[in-house]
Structure formats: C-alpha cells, structure tokens
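Visitor: Next input, structure requested:
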Amino acid sequence: MPRLFLLDVDGVLTTGRMYYTAEGKALKVFGPDDNDALCLLKPHLEIRCITSDRRGLEISRKRVVEDMGLPLDLVPTAERVRWVAERFDPAEVVFMGDGIFDHHLFRAVGYSIAPANAHPLAKRYASFVTECRGGDRAVAEACLHLLEKFFTPYDPEAPLSPDQTAFGQSG
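Guide: This is a model prediction of the structure:
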C-alpha cells in the first residue's frame, strides 16, 4: 500500500517549459486543478515534490512550498534512487516523473506514473500513463487514478470536506 506520493516538478506539475530573459530563468507554467486534486489524496498519502532544477528553485519554491504548502527537495537526478531508499520504503512510494532518466526511479519504487508527454523511456517503465500532459491536469488525473486504485474513488457528488481543501491557493 502506498504511503508517499512523490512528484517531480518540471514536466509534471509544470509544462516543462522554462522561460528565460537576459537575467536568467524567469517563468515556469504550472497547470490547473493539480493542487485541488492533491487535496483529495492528502488524507491517504504523504505528498512531497522534488526537483533537480537549481536555477529555477525559487520559482518552484514559490508555487510548491508557499502556495501549495508542500515540501520540496532539491535532489539531483542521478541521486534520486539512493535518496528515496535512504528516506522511505521504496515499495511504499508512488513516483510521478517525465524525464529521460526517471525510469530508473520508476523501477525502484512500488508504483510509477508518467504524464502523456513524458519521455518514451519514462512511459515504457511507468505503471500508469495519464492521458493529460504535464502542466495540464496530469497530476489531477493521477490523483483520481490513485484514489480509485488504492483507496476510495472520488465521488464528484459528495460534498468536499475541509481536509480535501486544506492546501494553499489552488490558482
């Protein structure tokens, strides 16, 4: 049974595009509904985010930590398998990633998810591939999938509880 939902930031919570000015990295595009859907998982799973984007860390920190209220760790791509194994039981981890090297972590954890626009290697090794693209409701789709697969499916007719809307701003 999963206990942790670990999400890569760039390409999963964002479109993966990074906008630069002459001063450096300026913008990332985060998608709609993902934060709201993560609220549905909060009663069931610990939720954490990771990034290897040191130059865009402050942008990610603003959205993930300040707005969404989630922990964010800077973890180099090559160290992710070891980092997870040192902190968590990998069999209890669901990892959502999209990158060319994310399949290494996919093979080490209990369950893995890739967005529709993930690198082909990520999609090949994923337990589940969303129909939505990263930064465009892929995380929301993954949350609904996890609820259905491991917990209680989301009932759109049921009223929301305070626990389901406890994170920061959705927009």
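
Visitor: so how far is residue 41 from the closest residue to residue 51 other than its chain neighbours?
Guide: Excluding the flanking residues, the one nearest residue 51 by C-beta to C-beta, 6 or more residues apart in numbering is residue 9, at 4.2 Å. Any C-beta I mention is one placed from the backbone N, CA and C, and that applies to glycine too. Residue 9 sits 17 Å away from residue 41, taking C-beta to C-beta, to the nearest Å as the criterion.

Visitor: got it, and residue 148?
Guide: Applying C-beta to C-beta, one obtains 12 Å for the distance of residue 148 from residue 41.

Visitor: ok, residue 116 - how many residues close by?
Guide: Taking other C-beta atoms under 10 Å as the criterion, the count of residues near residue 116 is 15.

Visitor: And it, how close does it get to residue 12?
Guide: 11 Å.

Visitor: CA atoms only for the lengthiest helix in the chain - export them in PDB, please.
Guide: Identified as the longest helix of the chain according to DSSP state H is helix 138-150. Only the C-alpha atoms of helix 138-150 are listed here, as PDB (Å, rounded to 0.1, in the frame of the first residue of the first chain):
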ATOM      1  CA  ALA A 138      -1.800  15.300 -15.500                       C
ATOM      2  CA  VAL A 139      -1.400  15.300 -11.700                       C
ATOM      3  CA  ALA A 140      -5.100  15.700 -11.200                       C
ATOM      4  CA  GLU A 141      -5.700  12.700 -13.400                       C
ATOM      5  CA  ALA A 142      -3.000  10.700 -11.500                       C
ATOM      6  CA  CYS A 143      -4.700  11.600  -8.200                       C
ATOM      7  CA  LEU A 144      -8.000  10.300  -9.300                       C
ATOM      8  CA  HIS A 145      -6.300   7.200 -10.600                       C
ATOM      9  CA  LEU A 146      -4.600   6.600  -7.300                       C
ATOM     10  CA  LEU A 147      -7.800   7.100  -5.300                       C
ATOM     11  CA  GLU A 148      -9.500   4.500  -7.500                       C
ATOM     12  CA  LYS A 149      -6.700   2.000  -7.500                       C
ATOM     13  CA  PHE A 150      -5.600   2.100  -3.800                       C
END
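
Visitor: How far off centre is that helix?
Guide: Once both centres are worked out by C-alpha atoms, centre = their mean, to the nearest Å, helix 138-150 turns out to sit 11 Å from its chain's centre.

Visitor: For that helix, buried residues please.
Guide: For helix 138-150, the neighbour count (16 or more other C-beta atoms under 10 Å) marks 138, 139, 140, 141, 142, 143, 144, 145, 146, 147 as buried.

Visitor: now the helices for the protein?
Guide: Taking DSSP H as the criterion, the chain contains helices spanning 34-41, 57-61, 80-87, 102-108, 120-125, 138-150.

Visitor: Many thanks, we can stop here.
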